[in-house]
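**Student:** A structural model of the following input is requested.
(one chain, ligands or ions: 1)
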Amino acid sequence: MDTEQPTAEIPTEPVILPRAEHTISRKQIDENSLKVLYRLRRHGYKAYLVGGGVRDLLLGRTPKDFDVGTDATPNQVKKLFRNCFLVGRRFRLAHIRFAGGSLIEVATFRRQATEEDRPEDPSLNPFYAENLFGTPRQDAFRRDFTINALFYDIEDFSIIDHVGGLRDLRDQRLRVIGDPLVRFAEDPVRMLRALEFVARLGFSLDETAREAIYLRSALIAEAAPARLREELMELFRHKVAGHVFANAQGLGLLEYIIPGYQAGPGTLALLDAIDRRTAAGQPVTESLVLAALYYEIFSAGLVAAGDLPIGEVLGRAAKLLIPHCLHFHIASGIRHQAAELLVGCYRLQRGPGRRGQQRFVRHPSFAAALAFYQLCCEAGQGDVELLSAWRQSLTETPKEAPRKRPRRRRRRRKPASSPSQS
Ligand code: CTP
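**Tutor:** Residues are numbered from 1 along each chain as shown. Below you'll find the model as predicted:
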């Protein structure tokens, strides 16, 4: 594919913003990244800050990390840094480690593969397309979105924009580099990333990209489940899960990300409640995410079933979660914790007055279930009065005195028969 064809939107020449015309200062850049950039530069290589770091600095946000792009090959990078390790099977990257555990990723400029690059037998080198070194301009064009393809050049502190990313940053618009239909077909996970960035940055999604997601949504079913699982958790870490799930569902993408899944309005409200809680500083776990995705369906199934023994409820929760966990290779421990949250909510719904419920208060899963039920209440999915009744009963439940361990009797050993006795 030739994404480099200049169009009305893609300039033929890069826009170069000199130091005086942008706000990025070296004070904002991590010290170790600067060391790497300077050393590469001193040895005659090009050295740019690339990707999300440049985007975030220009938006006045704090970048998660600073990645470096260079024309030095991975082996040349390795020769310059004692603390350098080459990693990656698909594409070779240099990782430079510093004291205190910080790690700077250095990637050689690469280019998009063309038909001519295709080996006669690609099975002999399945990653051929990932390791083609290229020019900085080609490297910009192989990236996903224009705002992610800006370079900060350590030589003169200018910003280099090959793809119109500066204009899109200014217009707060997320635009795919090249034809979205083609770029999404190359890597369908870009569709989910597009929705993630739109939500994280509060940008609008370019109309051609929106249409392409609508048309190509089914392709995402072919993406590796492990990668999708990671991207889904990223949504929660960035506190945009509710927003992105709603958008993905609206565009017909969600049912292909999680096969056959549909999020009801209660679920979307619950994801929003989780995002608010994460924004307030609480960490999010995968078991909580799983429980939230299936809580509404789980509860709806129980309404008609009446009173059930807990073993049966646990069985229902497991049955609901198993297909998802098998598809995404989620460990049974995580699934079990999610099932406990769901069953915990069932027990909470029965109220604190019931026989045996006070034992539940002392159960190790109680606190997590109560916290989850509070989220359900915030999302209009739980009974607020019941929640406060449980809170009340907590203050009234006497702490059980720790049970004394029964003393173990020492077994008398038979006296070994002495040789003299035998
Ligand atoms: N990238 C890409 N296509 C992908 C993944 C990454 O083109 N499927 C490029 C983009 O230029 C992106 C950079 O690699 O900016 C780094 O990717 P990543 O760390 O996933 O995202 P960031 O943009 O750095 O955003 P953040 O780390 O804040 O999530």
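**Student:** for the stretch 51-200 of the chain, which segments count as strands?
**Tutor:** Per DSSP state E, counting those that start in this stretch, the stretch 51-200 of the chain carries strands over the ranges 67-70, 84-87, 93-97, 103-108, 151-153, 158-161, 173-174.
**Student:** give me the contacts around the third one.
**Tutor:** Outside of strand 93-97, the residues within contact range by CB atoms under 8 Å, 6 or more residues apart in numbering are 32, 36, 74, 77-78, 81, 83-87, 103-107. For every residue, glycine as well, the C-beta is placed using N, CA and C.
**Student:** coming back round to it: who wins for proximity to the ligand among the strands of the stretch 51-200 of the chain?
**Tutor:** strand 67-70 (6.0 Å; CB to the nearest ligand atom).
**Student:** contacts for the closest one next, please.
**Tutor:** 33, 36-37, 40, 45-53, 77, 104-109, 136, 139, 151.
**Student:** cool, stretch 337-353 as well?
**Tutor:** 285, 287-288, 290-291, 294-295, 298-299, 302, 310, 313-314, 317-318, 320-321, 357-358, 360-361, 365-366, 368-370, 372-373, 376, 382-383, 386-387, 389-390, 392-393.
**Student:** what is the rounded mean pLDDT of the one helix or strand residue 336 maps to?
**Tutor:** Take DSSP states H and E as the rule and residue 336 turns out to sit in helix 332-349. Helix 332-349 carries an average pLDDT of 94.
**Student:** next, the buried residues of it.
**Tutor:** For helix 332-349, a neighbour-count test (16 or more other CB atoms under 10 Å) marks 334-335, 337-348 as buried.
**Student:** name the SS class of the residue nearest to residue 366 when sequence neighbours are not counted, please.
**Tutor:** Excluding the flanking residues, the one nearest residue 366 by CB to CB, 6 or more residues apart in numbering is residue 360, at 5.8 Å. Using DSSP: H, G, I helix; E, B strand; the rest coil, the structure places residue 360 in helix.
**Student:** pLDDT wise, what is the residue of the stretch 301-422 of the chain found nearest the ligand at?
**Tutor:** Residue nearest to the ligand within the stretch 301-422 of the chain (CB to the nearest ligand atom): residue 328, separated by 18.8 Å. With respect to pLDDT, residue 328 has a value of 98.
**Student:** in contact with it, which residues?
**Tutor:** 225, 226, 228, 229 are the contacts of residue 328 under CB under 8 Å, 6+ apart.
**Student:** quick revisit: show me which of the contacts of stretch 337-353 are buried.
**Tutor:** Buried among those by 16+ other CB under 10 Å: 285, 287-288, 290-291, 294-295, 298-299, 302, 313-314, 317-318, 320-321, 357, 360-361, 365-366, 368-370, 372-373, 376, 382, 386-387, 390.
**Student:** give me every residue that touches the residue of the chain found nearest the ligand.
**Tutor:** Closest residue of the chain to the ligand, CB to the nearest ligand atom: residue 52 (2.4 Å). Residues near residue 52 by CB under 8 Å, 6+ apart: 63, 64, 65, 67, 148.
**Student:** can you tell me the closest non-neighbouring residue to residue 235?
**Tutor:** Closest to residue 235 by CB to CB, 6+ apart is residue 241, at 4.3 Å.
**Student:** I'd guessed residue 177 sits against residue 147; true?
**Tutor:** No - at 9.9 Å, residue 177 does not count as touching residue 147 under the criterion of CB atoms under 8 Å.
**Student:** those two: who's more crowded?
**Tutor:** Of the pair residue 177 and residue 147, residue 147 is the one with more neighbours under other CB atoms under 10 Å, namely 30 against 25.
**Student:** would you agree the more buried one is in contact with residue 174?
**Tutor:** Yes - counting by CB under 8 Å, residue 174 is a contact partner of residue 147 at 6.7 Å.
**Student:** thanks a lot, catch you later.
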